[in-house]
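Q: I would like the atomic coordinates for the input below:
(chains A and B)
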Amino acid sequence: MDIFAQQLVNGLVLGSIYALVALGYTMVYGILELINFAHGEVTMVGAMVALSVIGLLMGVAPELPGVVVVLAGILVAIPACMALAYTIEKIAYRPLRHAPRLAPLITAIGVSIILQNLAMLIWGRQYVSFPAILPSDKYALLGAQISLLQIVIVVLALLLMAGLWLLVERTRLGRAMRATAQSREVAELMGVNVDRVISATFVLGAAIAAIAGVMVSAYYGLAHYYMGFMLGLKAFSAAVLGGIGNLAGAMLGGLLLGVIEALGAGYIGDLTGGFLGSNYQDVFAFFVLIGVLVLRPSGLLGERVANRA
Amino acid sequence: MNFGKFAVSVLAFSLACSLSGCGKPQDGGALIKIGSVAPLTGPQTHIGKDNENGARLAVDEINARGLTLGGKKVKLELLSEDDQAEPKTATIVAQKLVDAGVAGVIGHLNSGTTIPASRLYSDAGIPQISPSATAVAYTAQGYKTAYRVMANDAQQGRALGQFAVGKMGAKKIAIIDDRSAYGQGLADEFEKAARAAGGAIVAHEFTNDRATDFTAILTSIKGKGPDLVFFGGMDPQGGPMLKQAKRLGLNARFLGGDGVQNLNFMKLAGLDAEGAVASSPGLPIDSMPGGPDFRKRFEAKYGPIQLYAPYAYDAVNVLVAAMQRADSADPAKIMAALPKTDLQGVCGPIKFDAKGDTQGGAVTLYEVKGGKWQVLETVK
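A: Now for the predicted structure:
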């Protein structure tokens, strides 16, 4: 039982990070029907920028408490990622807005490769370690060990998701986003500045991605230039699992994927008598994804088109 | 993974081309090319660069001393290639070195890349001396070109298994390996030796050499209540793994092989590294016959030694000594001279057995104490 609880906790933490990154994929897809493959790399840049700031602060003012240092890192990473996403959209996607749909997809892959290699040039090829400056308090719950960091990650992720939900459902910008998602042309005729709405969508997703990036690096204690690739792939799968273009779907898909991965990796060895090991962790997640897509091609919550943003 | 790997290979290729100058001849024919292969991109870059630097230091020193073969003054040139720790890239760069006409190859770093590449060198008749590939399989293939200057995994795994049960008092042991030729080989040898010494293996789990999340594996291991966790793999996985284990409240001792016995492991594991034990073939650098002096010369040029640099340095010297005995840079003649190697290297005396393994390699065990690797003991 305690092992099950622990795997569940592991999965929920991982899943809430996936969900945050998945939101960025799904928002952009909802509006542009574009899979923004560079989104995973934006997450990576967020982690790297934050780590640079943290390293710098620790050198300049070692007496600052760890929480403040990490917060400062996040506060620099967010605008950096927002600016990056704004630039990417402006340079790589906007000129191709009326091109065939494959063209922006290929640029997205190109941007992703460029970002990875730029990050390698800037931050080097090594794993960068996240300094142990956050409190490492642990609590026991139902036999599982939960650290303060894990609680903060899950709570913060839920708050961010709720905030984004409110923004999309209750604000003027949110209404403009939903209108643009339904029909770009009609929204434009109604006086919505579509270009600005699309930019805002990218920037919002990037801000959340920056926070997710810092979470991942704090959680695993490291960051590296290609961390965005697998993370992006998993988050994209989470978005598809939940129904791409659907906000609630991305959240549900992310959490589900995280839990499936943790439970799958934890129990597959025992279930198959050691024939398949926990190294099938990634395979397991994608296997479930394929299963869901075969049965429900539009994803778990994919049919509620009106909710997409 | 595909885009990422593609990106890396495109960059690596262009970099490799610009670095090696793609085979420009310099002072007409007097240039002897030696290949060096290690991962220069990806998670193991720091160790790869360390090997390259070790080899480069040897080449620079020999050039400064001056080398005469067949009555003519010659200069050595090091062609450094990046195999990304990828078996398929390893064969591509191996072919590239064969085509460039190298007299010998120092490499590769990983067992997983050394083994597939060794066939190409064997077919081309080019001697290969790996500084750090320790998988038993490498020299067991029957290739006359394959040599190594480090004790193999059978020797190291045996020492680790006996140490875990005998000295660390482990009764229930969990094993994790990264499924690379090195990690798997070492873990299997460790398992055999630990079982033979009376330890019970409660779990043997696998990960891969690019993973960062081990919470699921560690949680399932924790359920089996081991008092020791053995990891067969490299520091980019070992460091985070130890950190995550501590966070999950898995209070078992951590034991690893030479892949984690380095500075980066401690950086990645942070304070959690305290108490971790790992082995390394050979003697501690300061106990090596030429160790302290080598450290001084190396650090003046490249900064702290990461891991295998002294072995790469020795490997170059073994190759060049064979050239001098053969009085030629012809690979066939070098190969004829290699079995007679009897060299006092930085790491100790080097002699090869019939398979190309070093004779009587020692294994040293280290523990992290006060943020430093401290020598526990050396076993023969």
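Q: contacts and neighbour counts: CA atoms only from here.
A: Will do.
Q: for the chain, what spans make up the helices?
A: Here I'm looking at chain A. Using DSSP state H, the helices of chain A run over A:2-32, A:39-60, A:66-88, A:102-123, A:148-170, A:172-182, A:184-189, A:194-220, A:227-242, A:247-271, A:281-295.
Q: try again with chain B
A: Using DSSP H, helices in chain B cover B:2-20, B:45-65, B:87-99, B:111-124, B:153-166, B:181-196, B:215-222, B:235-247, B:263-269, B:291-302, B:309-326, B:331-337.
Q: Now distance to chain A, mean neighbour count and mean pLDDT too, for those helices, in a markdown table please.
A: A markdown table is the format used below for the helices of chain B (distance: least, CA to the nearest CA, whole Å; neighbours: other CA atoms under 10 Å in any protein chain shown; pLDDT from 0 to 100):
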| stretch | distance to chain A | mean neighbour count | mean pLDDT |
| --- | --- | --- | --- |
| helix B:2-20 | 6 | 14 | 49 |
| helix B:45-65 | 6 | 21 | 93 |
| helix B:87-99 | 17 | 19 | 94 |
| helix B:111-124 | 18 | 22 | 93 |
| helix B:153-166 | 22 | 24 | 90 |
| helix B:181-196 | 13 | 23 | 92 |
| helix B:215-222 | 5 | 25 | 88 |
| helix B:235-247 | 7 | 25 | 91 |
| helix B:263-269 | 5 | 23 | 88 |
| helix B:291-302 | 16 | 15 | 91 |
| helix B:309-326 | 18 | 24 | 93 |
| helix B:331-337 | 34 | 19 | 92 |
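Q: Looks like residue B:234 contacts residue B:262 (just checking).
A: No - in this structure residue B:234 lies outside contact range of residue B:262 using CA atoms under 8 Å: 9.5 Å.
Q: ok, those two, which is more surrounded?
A: Higher neighbour count among residue B:234 and residue B:262: residue B:234, with 27 against 20, using other CA atoms under 10 Å in any protein chain shown.
Q: Look up how far residue B:180 lies from that one.
A: 10 Å (CA to CA, to the nearest Å).
Q: Need the overlap of contacts for the two.
A: residue B:209 (CA atoms under 8 Å, 6 or more residues apart in numbering or on different chains).
Q: Isn't residue B:289 up against residue B:350?
A: No - taking contacts as CA under 8 Å, residue B:289 lies outside contact range of residue B:350: 11.9 Å.
Q: For the two, indicate the residue with more neighbours.
A: Looking at residue B:289 and residue B:350 with other CA under 10 Å, you find the greater number of neighbours at residue B:350, namely 22 against 17.
Q: tell me, how many neighbours does the residue nearest to residue B:365 when sequence neighbours are not counted end up with?
A: Using CA to CA, 6 or more residues apart in numbering or on different chains and skipping the chain neighbours, the partner closest in space to residue B:365 is residue B:279 (4.2 Å). Neighbourhood size, residue B:279 [other CA under 10 Å]: 26.
Q: Show the model's pLDDT score for residue 285.
A: Here I'm looking at chain A. Per-residue pLDDT puts residue A:285 at 75.
Q: that answer is for a different chain, and I need it for chain B
A: On the pLDDT scale, residue B:285 gets 78.
Q: what do you get for residue A:71?
A: The model's pLDDT for residue A:71 equals 94.
Q: show me what contacts residue 235?
A: All of this refers to chain A. By CA under 8 Å, 6+ apart, the neighbours of residue A:235 are A:18-19, A:21-22, A:25, A:254.
Q: Please refer instead to chain B.
A: Contacts of residue B:235 by CA under 8 Å, 6+ apart are B:259-262, B:264-265, B:268.
Q: if we go to 6 Å?
A: B:259-260, B:265 (CA atoms under 6 Å, 6 or more residues apart in numbering or on different chains).
Q: Same question for residue B:380.
A: residue B:362.
Q: now it: how far from chain A?
A: 34 Å (CA to the nearest CA, to the nearest Å).
Q: State the distance from that residue to residue B:357.
A: 15 Å.
Q: Over to residue B:241?
A: Counting by CA to CA, the gap from residue B:241 to residue B:357 is 32 Å.
Q: do residue B:101 as well
A: 25 Å.
Q: number of nearby residues for residue B:71?
A: Residue B:71, neighbours per other CA under 10 Å, totals 9.
Q: same check, this time on residue A:221
A: Neighbour number of residue A:221 under other CA under 10 Å is 24.
Q: now it, nearest residue through space, not along the chain?
A: residue A:130 (4.7 Å).
Q: What about the one you found, how many residues nearby?
A: 26.
Q: What of the one 4 residues further on?
A: Around residue A:134 there are 16 other residues, counting by other CA under 10 Å.
Q: just residue A:82 next, same as before
A: A count of nearby residues for residue A:82, using other CA under 10 Å, gives 24.
Q: Please verify my assumption that it contacts residue A:206.
A: Yes - here residue A:82 lies in contact with residue A:206, judged by CA atoms under 6 Å, at a distance of 5.3 Å.
Q: quick one: pLDDT of residue 254?
A: No chain was given, so I picked chain A. Reported pLDDT for residue A:254: 94.
Q: The chain in question should be chain B.
A: Residue B:254 is given a pLDDT of 96.
Q: need the contact list for residue B:68.
A: Neighbours of residue B:68 in contact, by CA under 6 Å, 6+ apart: residue B:74.
Q: how far away is it from residue B:323?
A: In terms of CA to CA, residue B:68 sits 10 Å off from residue B:323.
Q: cool, residue B:54 as well?
A: Applying CA to CA to residue B:54 and residue B:323 gives a distance of 19 Å.
Q: And residue B:255, by the same measure?
A: Distance, residue B:255 to residue B:323, by CA to CA: 40 Å.
Q: residue in the stretch 101-250 of chain B nearest to chain A?
A: residue B:207 (4.6 Å; CA to the nearest CA).
Q: how deep is the residue nearest to residue B:127 when sequence neighbours are not counted tucked in, by neighbour count?
A: Computed as CA to CA, 6+ apart, the closest residue to residue B:127 that is not its neighbour in sequence is residue B:145, at 4.5 Å. By other CA under 10 Å, 28 other residues sit near residue B:145.
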